[in-house]
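Chemist: Just to be clear, the model below is a prediction. Sequence and coordinates:
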Amino acid sequence: MPIQSTTKSHLYPLFLVLLPVLFTVVVVIGYSQAKLIYYESGVRAMDRQLNTVTQILSLFNSQVKDGILSYTEAENQIRDMMVGPRLANQTRDRSQAKLTLANGDELFAFNSEGTLIVHSTLEGQNMYNLPNPGDRFLVKQILDEGKTVTTYRWTPTDSSPGVEKIAVIRYFPQWDWYLCLVSTEDDFYGQFSEVKFFLAIITAASYLIAVILFILTYRKERALLSSTLRGEQLAQVNKSILKSLAVALEERDAYTSGHSQRVAYYMCVIGKQLGLDEQTLDLMYTGGLLHDIGKIGIEDSILLKPGKLTDEEFQIIQSHPVRGEALLRKLYAQVDKRDAYSIQSILTITRHHHERYDGKGYPDQLQQEDIPLIARVSAVADAFDAMTSSRAYRKGLSFSKACDEIRRNAGTQFCPKVVEAFFQSVTEETFHQAHQISWENELLNPLAGEKHTYPA
């Protein structure tokens, strides 16, 4: 019987390695999408603020048109409102501005020539001529390229690190003013940065969990491998025991020497004619070698008795299929569960090789198709070799006479389909070849995992 060794699977450890990587990719993609949505939402909020400012400018423009205020008076009031009153140093006190802006936001206005009309510190200067490249970049983005939303880098004059800024622009054509609301990225994404921190913690935790699971899996696989090796070692011991038992059984009686091997040989010849696959043929061969293993516990006085057996002694002989199945079941108890089908096939042959097609066999009185096919094959092979083997109390039948008996009992003792396959495959040449095989050398080979040679 081919015993499969347990192979360490690398799929689960690979899954554990890839899982946090996959999770990171999902988090990065999700974070990028969420950041884009947050960005668009923030820009809309800034645009709504600018809309409020343009509405205020519209009110002042109406007062100018109605003659209530002059254009200069309106400009001055707008400056005081947007950036606070003018100080002695010509700058504006932003703390006194009447428009409430978010923390870090800045509001200013310039005209189509780039001159700053409203600004807390640079009022009257042209943005194209400012020393800071960020200011020059911003005015070019707005006036030359028509951008209404832009991101730029603003570098302070004190050589400190630059700051990324986001600007939203709204044009007020009545006064030719470009209203510009600017926010630093840190302030713009202030609340969203908490989400980023939270996702970073979750991602790091996924790697930590993966490492823990990988370590636990590694330890479990090591324990499983150790257990598997012990199981394989036990299986090897059981194989040796089976070989020894089979050899001992054959050596007890010179008249039946080589019987089990010939039965196994005939079974494979018939099975091949029936179109059974190689794995099944290998299992049948092993089952044939072990089919009489239950006789190992029967006393020589009964097993080798030359005369007629008493009813009690015959019952003991009839118990050998059940004895053999019980013995093999114990020996195969520790074999890998994946080999359950193979083990059951061998146990089937051992238990049912004396069942009859008409239901008068033993031990379970199975009949016809209820008897597994491999057991029906073993019944024909076993009976044929028993008839052609000499015993202490009788001489074996010739090949032709044994064939006559097989044919005569087809449909009663033997399955007709198996009998037909028998006559199509077992010839006198096959018969002589079976008796020429060295059973001793064969039995000294491993019973599990070997490939057997049968006639083509």
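Modeler: It's in.
Chemist: ok, now how distant is the residue in the chain sticking out farthest from the centre from residue 122?
Modeler: Distance to the chain centre peaks in the chain at residue 67, reaching 80.4 Å (criterion: Cα atoms, centre = their mean). Counting by Cβ to Cβ, to the nearest Å, the gap from residue 67 to residue 122 is 32 Å. From N, CA and C alone the C-beta is placed, and that goes for glycine too.
Chemist: repeat for residue 287
Modeler: With Cβ to Cβ as the criterion, residue 287 and residue 122 are 99 Å apart.
Chemist: So which of those two has more stuff around it?
Modeler: A direct count of neighbours by other Cβ atoms under 10 Å for residue 287 and residue 122 places residue 287 higher, at 26 against 15.
Chemist: and that one, what is it in contact with?
Modeler: Residues near residue 287 by Cβ atoms under 8 Å, 6 or more residues apart in numbering: 264, 267, 345-346, 348-350, 374, 378.
Chemist: would you list every one of the strands in the stretch 1-150 of the chain?
Modeler: Under the criterion DSSP state E, counting those that start in this stretch, the stretch 1-150 of the chain contains strands at 106-110, 116-118, 149-154.
Chemist: what about the nearest residue to residue 49 once chain neighbours are set aside, neighbour count?
Modeler: Spatially, and ignoring its direct neighbours in sequence, residue 49 is nearest to residue 181 (5.9 Å; Cβ to Cβ, 6 or more residues apart in numbering). Counted with other Cβ under 10 Å, residues neighbouring residue 181 total 22.
Chemist: Tell me, what's the model's pLDDT at residue 181?
Modeler: At residue 181, the model reports a pLDDT of 94.
Chemist: Kindly report the same for residue 151.
Modeler: With respect to pLDDT, residue 151 has a value of 92.
Chemist: roughly how far apart are it and residue 361?
Modeler: Separation of residue 151 from residue 361 (Cβ to Cβ) stands at 91 Å.
Chemist: what's the answer for residue 417, then?
Modeler: 17 Å.
Chemist: the more surrounded of the two?
Modeler: More neighbours surround residue 361 than the other of residue 417 and residue 361, with 21 against 15 (other Cβ under 10 Å).
Chemist: Got phi/psi on residue 174?
Modeler: Dihedral angles of residue 174 (phi, psi; degrees, to the nearest 10) stand at phi -60, psi -30.
Chemist: Report the contact partners of the closest residue to it other than its chain neighbours.
Modeler: Nearest residue to residue 174 in three dimensions, chain neighbours excluded: residue 61, at 5.0 Å (Cβ to Cβ, 6+ apart). Residue 61 is in contact with 74, 174-175, counting by Cβ under 8 Å, 6+ apart.
Chemist: Now flag whichever of those residues is closest to residue 134.
Modeler: Closest to residue 134 out of those is residue 175 (25.1 Å), distances taken as Cβ to Cβ.
Chemist: you'd agree the closest one is in a strand?
Modeler: No - assignment of residue 175 by DSSP: H, G, I helix; E, B strand; the rest coil gives coil, placing it outside any strand.
Chemist: contacting residues around it?
Modeler: Listed by Cβ under 8 Å, 6+ apart, the contact partners of residue 175 are 57, 61.
Chemist: for the chain, what are the low-confidence residue spans?
Modeler: Applying pLDDT under 70 to the chain flags the ranges 1-12, 157-159, 224-257, 334-338, 392-393, 437-456.
Chemist: Show me which strand runs longest in it.
Modeler: strand 163-172 (DSSP state E).
Chemist: ok, now how distant is residue 173 from residue 112?
Modeler: Separation of residue 173 from residue 112 (Cβ to Cβ) stands at 10 Å.
Chemist: Neighbour count: these two, which is higher?
Modeler: Neighbours were counted for residue 173 and for residue 112 using other Cβ under 10 Å; residue 112 has more, 12 against 7.
Chemist: quick one, phi/psi of residue 356?
Modeler: Residue torsions, per degrees, to the nearest 10, at residue 356 are phi -110, psi 150.
Chemist: what's the neighbour count on it?
Modeler: When neighbours are defined as other Cβ under 10 Å, residue 356 has 21 of them.
Chemist: From residue 347, how far out is residue 330?
Modeler: Relative to residue 347, and taking Cβ to Cβ, residue 330 is found at 11 Å.
Chemist: Neighbour count for those two, which is higher?
Modeler: More crowded of residue 330 and residue 347, by other Cβ under 10 Å: residue 347, with 18 against 10.
Chemist: tell me the contacts of the more buried one?
Modeler: So residue 347 contacts 325, 328-329 (Cβ under 8 Å, 6+ apart).
Chemist: What spatial separation is found between it and residue 280?
Modeler: Distance from residue 347 to residue 280, by Cβ to Cβ: 15 Å.
Chemist: do the same with residue 92
Modeler: 97 Å.
Chemist: These two: which has the busier surroundings?
Modeler: Neighbour count, other Cβ under 10 Å: between residue 92 and residue 280, residue 92 has more, with 21 against 18.
Chemist: show me what contacts that one?
Modeler: Neighbours of residue 92 in contact, by Cβ under 8 Å, 6+ apart: 79, 83-86, 119-121, 123.
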